[in-house]
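next input, structure requested:
(2 chains)
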Number of protein chains: 2
Amino acid sequence: MRLALLGGTGDIGRGLALRWAVDTDHELLLGSRDPEKAREAAAAYEDELEARGVDRTIKGFVNEMAADRADVVVLAVPPYYVGDTVDAVADKLDSETILVSPAVGMKSDEDGVHYRPPPAGSVTALVDQRAPDEVPVVGAFHNLPADRLASLEVELDLDMLVVGDDDDAKATVQTLSEEIEGLRALDAGPIANAPEVESIVPLVINVGRYTDDMHDVGVKFF
Amino acid sequence: MRLALLGGTGDIGRGLALRWAVDTDHELLLGSRDPEKAREAAAAYEDELEARGVDRTIKGFVNEMAADRADVVVLAVPPYYVGDTVDAVADKLDSETILVSPAVGMKSDEDGVHYRPPPAGSVTALVDQRAPDEVPVVGAFHNLPADRLASLEVELDLDMLVVGDDDDAKATVQTLSEEIEGLRALDAGPIANAPEVESIVPLVINVGRYTDDMHDVGVKFF
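Numbering: from 1, shown residues only, chains lettered A, B, ... in the order given. The predicted model follows:
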């Protein structure tokens, strides 16, 4: 498949790109609003992979072009850019393109980090509202600890959650997730259940802040 | 210490009573609005423990009397009774009594279970608002899988979270929690961070509903 990581120059985008590059044969496209930034990041990831003996081509594009070429488009951008990014790529999407939402709306204060979803109810629901009706939307990858994900020497043994109203699209994203070694993708139901999935992210940040010797906290369900 | 489980006839109350009975020497009091119901449950727990070779006295009382005698009062009642229960026992509490809130406001629909906190922001915050000012309040025990907790033959290997504004009270509840074998209590910060802690409960219920071969789902952070 062709996987586009919009905002692929950021934390979670980098981790997913590197892991998919090592563990799968999927074609990887990085997207950014600035195509030069996307190309630079793609070249840097290629270098990092080559240093580990992995010969991989990763291409950088402006978001619209990355989305146009992809079967799965991951919106790995900050939550306040998600709506505009969906609008920007909307006419490149169709019923055959899965749109994946990993972002979480949060607010920090002196006590910790708090879940603050957009009026749609969740970022995943916002994406579903803003995307063309025929485009299947899946929420996924929210609670992956970014540093561990991007550190290829770290063995992952982590759970993540997927939500979506289109069962086929959800199953595809689950499969893509579990092709990353050590990652398990659990079904948490339809998009209506996204708020509880997204709000685990501020929770693990707070646990990392207040509990000694824990940081970049991952989760397992069992 | 003297530990009172108000609503100790319910799922989580039963599990905590049985586990503390086996793993600690703390004096255990069950509370209920109906003292006869509390005494019957206490006798049933004693029988269950005796059948496992554990000789333990558990006493049943009306909620007010259980709270009056206890050092730690766990509000193991359904979320819609929490406020009234706090009001009922308020004049039995003081700065030396820790009030513990494990309840979570939730709503079910055809999609799953959704987090619906009270206007205070969380059940823990509601308890903190309704309790007398000098009474320390700690949120804890929310996400324990009730069947596993109450099945003494099951080895626990579970994480739970604690929130509270009084560090000493929070540390006491963490210690009490971790005296239960296989339970680890992680600090998630002050009561302001309770919503993210409480909302993991509908999440694990949804995971149990939609993911094959998972039910009574527990969590580990690492």
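
which helices and strands sit right next to the top helix by length along chain A?
Using DSSP state H to define each element, chain A has its longest helix at helix A:35-51. In terms of contacts (3 or more Cβ pairs under 8 Å, 6 or more residues apart in numbering or on different chains; DSSP states H and E), helix A:35-51 is packed against helix A:11-23, strand A:27-32, strand A:58-62. Heads up, the C-betas are built off the backbone N, CA and C, glycines and all.

contact residues of chain A facing chain B?
A:109, A:111-115, A:161, A:186-190, A:192-193, A:195-197, A:199-200, A:202-204, A:206-207, A:209-211, A:214, A:217-222 (Cβ under 8 Å from any Cβ of the partner chain).

if we go to 7 Å?
A:111-112, A:114-115, A:161, A:186-190, A:192-193, A:195-197, A:199-200, A:202-204, A:206-207, A:209-211, A:214, A:217-222 (Cβ under 7 Å from any Cβ of the partner chain).

report the buried members of these.
Among the residues of chain A next to chain B, those classed as buried by 16 or more other Cβ atoms under 10 Å in any protein chain shown are A:111-112, A:114-115, A:161, A:186-190, A:192-193, A:195-197, A:199-200, A:202-204, A:206-207, A:209-211, A:214, A:217-219, A:221.

so which of the residues you listed are in strands?
Counting by DSSP state E, the part of those found in strands is A:114, A:115, A:161, A:186, A:187, A:219, A:221.

spit out the contact partners of the fourth one.
Applying Cβ atoms under 7 Å, 6 or more residues apart in numbering or on different chains, we find residue A:186 in contact with A:159, A:161, A:221, B:207, B:211.

any chance of JSON lines for those residues, columns distance to residue A:95 and pLDDT?
Converted to JSON lines, these look like this (distance: Cβ to Cβ, whole Å; pLDDT from 0 to 100):
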{"residue": "A:159", "distance to residue A:95": "29", "pLDDT": "98"}
{"residue": "A:161", "distance to residue A:95": "24", "pLDDT": "98"}
{"residue": "A:221", "distance to residue A:95": "31", "pLDDT": "98"}
{"residue": "B:207", "distance to residue A:95": "28", "pLDDT": "97"}
{"residue": "B:211", "distance to residue A:95": "26", "pLDDT": "93"}
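
what sits up against stretch A:143-156?
Identification of contacts with stretch A:143-156 by Cβ under 7 Å, 6+ apart yields A:11-12, A:14-15, A:18-19, A:22, A:52, A:158, A:160-161, A:180-183, A:200-201, A:204, A:216-219.

and the residues you listed, which are buried?
Buried members of the contacts of stretch A:143-156, counted by 16+ other Cβ under 10 Å: A:12, A:14-15, A:18-19, A:158, A:160-161, A:180, A:183, A:200-201, A:204, A:217-219.

nearest spatial neighbour of the most centrally placed residue in chain A, chain-adjacent residues omitted?
A centroid search over chain A (Cα atoms, centre = their mean) returns residue A:102, at 4.2 Å, as the residue closest to the centre. Leaving aside its sequence neighbours, residue A:102 sits nearest to residue A:141 (Cβ to Cβ, 6 or more residues apart in numbering or on different chains; 3.8 Å).

state the distance from that neighbour to residue A:74.
From residue A:141 across to residue A:74, the span is 7 Å (Cβ to Cβ, to the nearest Å).

overlap of the contact sets of the two?
Joint contacts of residue A:141 and residue A:74 (Cβ under 7 Å, 6+ apart) are A:16, A:102.

neighbour count: the two, which is higher?
Between residue A:141 and residue A:74, counting by other Cβ atoms under 10 Å in any protein chain shown, residue A:74 is the more crowded of the two (30 against 27).

neighbouring strands - and their directions - for the helix or strand hosting the more buried one?
Assigned by DSSP states H and E, residue A:74 belongs to strand A:72-75. Paired strands of strand A:72-75, with direction, are strand A:2-6 (parallel), strand A:98-101 (parallel) (DSSP bridges).

tabulate these (TSV), appending mean neighbour count and mean pLDDT.
Output for the strands paired with strand A:72-75, formatted as TSV (neighbours: other Cβ atoms under 10 Å in any protein chain shown; pLDDT from 0 to 100):
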stretch	mean neighbour count	mean pLDDT
strand A:2-6	27	98
strand A:98-101	29	98
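
tell me how far the residue lying closest to residue A:199 once chain neighbours are set aside lies from residue B:86.
Spatial nearest neighbour of residue A:199, excluding adjacent residues (Cβ to Cβ, 6+ apart): residue A:115 at 3.9 Å. Residue A:115 sits 25 Å away from residue B:86 when distances are taken as Cβ to Cβ.

what does residue A:181 give?
From residue A:181 to residue B:86 the distance is 49 Å (Cβ to Cβ).

and if you look at residue A:50?
To residue B:86, residue A:50 is 62 Å away according to Cβ to Cβ.

do residue A:186 as well
In terms of Cβ to Cβ, residue A:186 sits 35 Å off from residue B:86.

same check, this time on residue A:45
According to Cβ to Cβ, residue A:45 and residue B:86 sit 55 Å apart.

and what of residue A:126?
Using Cβ to Cβ, residue A:126 is found at 37 Å from residue B:86.

these two: which is more packed in?
Neighbours of residue A:126 and residue B:86, each counted by other Cβ under 10 Å, are more numerous for residue B:86; the result is 26 against 23.

rewinding a little: now for the buried ones among the contacts of stretch A:143-156: which two are most distant?
A:18 and A:200 (23.2 Å; Cβ to Cβ).

circling back: let me have the contacts of residue A:186 in JSON lines, extended by distance to residue A:36.
As requested, the contacts of residue A:186 are exported to JSON lines (distance: Cβ to Cβ, whole Å):
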{"residue": "A:159", "distance to residue A:36": "36"}
{"residue": "A:161", "distance to residue A:36": "35"}
{"residue": "A:221", "distance to residue A:36": "41"}
{"residue": "B:207", "distance to residue A:36": "41"}
{"residue": "B:211", "distance to residue A:36": "42"}
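
that older thread, what sits against the residue nearest to residue A:199?
Neighbouring residues of residue A:115 by Cβ under 7 Å, 6+ apart: A:106, A:198, A:199, A:202, B:195, B:196.

now do stretch A:196-215: distance from first to last residue.
By Cα to Cα, to the nearest Å, the extent of stretch A:196-215 from end to end equals 21 Å.

what comes into contact with it?
Here stretch A:196-215 makes contact (Cβ under 7 Å, 6+ apart) with A:104, A:106, A:112-115, A:117, A:122-123, A:139, A:142-143, A:161, A:163, A:188, A:216-217, A:219, B:114-115, B:161, B:186-189, B:193, B:196-197, B:199-200, B:202-203, B:206, B:221.

for residue A:111, give me its contacts.
So, once contact is read as Cβ under 7 Å, 6+ apart, residue A:111 ends up touching B:189, B:190, B:192, B:193.
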